[in-house]
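Engineer: task: produce atomic coordinates for the following.
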Amino acid sequence: MESRNRVLSSRWHSTAFRVRYQETDQMGVVYHANYLSWFESGRTEMFRELGFAYRSLENMGVLLPVTAADLQFKSPARYDDLIAVYARLKVFSALRVVYEYEVRRIEEDGESGGEGSSEHGELSALTAAQTLPGELLVSGSTSHVWLNKDWKPVRLDRALPELYQAITGALREEEGGAV
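Structural biologist: Modelled structure (predicted):
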């Protein structure tokens, strides 16, 4: 039986932080490779908000490495900017996962004009239909595949059916709940 990809428009989850000096290049802008690290922070925190930690997945014997990454650069981030990384699941299946991201510069004290922003590091989840606050800097996606500890592809629904059911249940609950 073939795994069906569940195409989603899940809620956006976010994390916020200030750009550190070490993340910038000689031109005073964020070095392009740092956005991939920020994507990782976004998906890790999104997964945590769904009730799962990446570390616990690995302890259960599954890995979720990146197989593809796509980034579109719109405007540079600079040192000391307040940045929000928004992440959401676009595809979830027993074989693979695709995340979507937006990195945005946000204004302090709610000056961005958008709903959902709050204190540094604690932006609320937004529905798929809501407009994200702040200036879009980078958008992109990453694709991942489920592997076992021997780096062999696995079907999550067969390798860890309880985890697969828990994740799909959390996604169903998220889809059903209004923000």
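Engineer: what are the ranges of the strands in the chain?
Structural biologist: Along the chain, counting by DSSP state E, strands occupy 6-7, 13-18, 62-63, 66-73, 82-92, 96-105, 135-145, 147-148.
Engineer: name whatever forms a beta bridge with residue 88.
Structural biologist: Under DSSP bridges, the beta-bridge partners of residue 88 are residue 100.
Engineer: nearest spatial neighbour of residue 74, skipping sequence neighbours?
Structural biologist: Spatial nearest neighbour of residue 74, excluding adjacent residues (C-beta to C-beta, 6 or more residues apart in numbering): residue 136 at 5.3 Å. All C-beta spots, glycine's among them, are computed from the backbone N, C-alpha and C.
Engineer: quick one: closest of the strands of the chain to residue 167.
Structural biologist: Evaluated over the strands of the chain, closeness to residue 167 peaks at strand 82-92, with 6.9 Å, by C-beta to C-beta.
Engineer: any idea how far the closest one is from the chain center?
Structural biologist: 4 Å (C-alpha atoms, centre = their mean, to the nearest Å).
Engineer: packing partners of it?
Structural biologist: strand 6-7, strand 13-18, helix 34-49, strand 96-105, helix 161-176 (3 or more C-beta pairs under 8 Å, 6 or more residues apart in numbering; DSSP states H and E).
Engineer: pairing partners for the second one, with directions?
Structural biologist: So the one you mean is strand 13-18. strand 82-92 (antiparallel).
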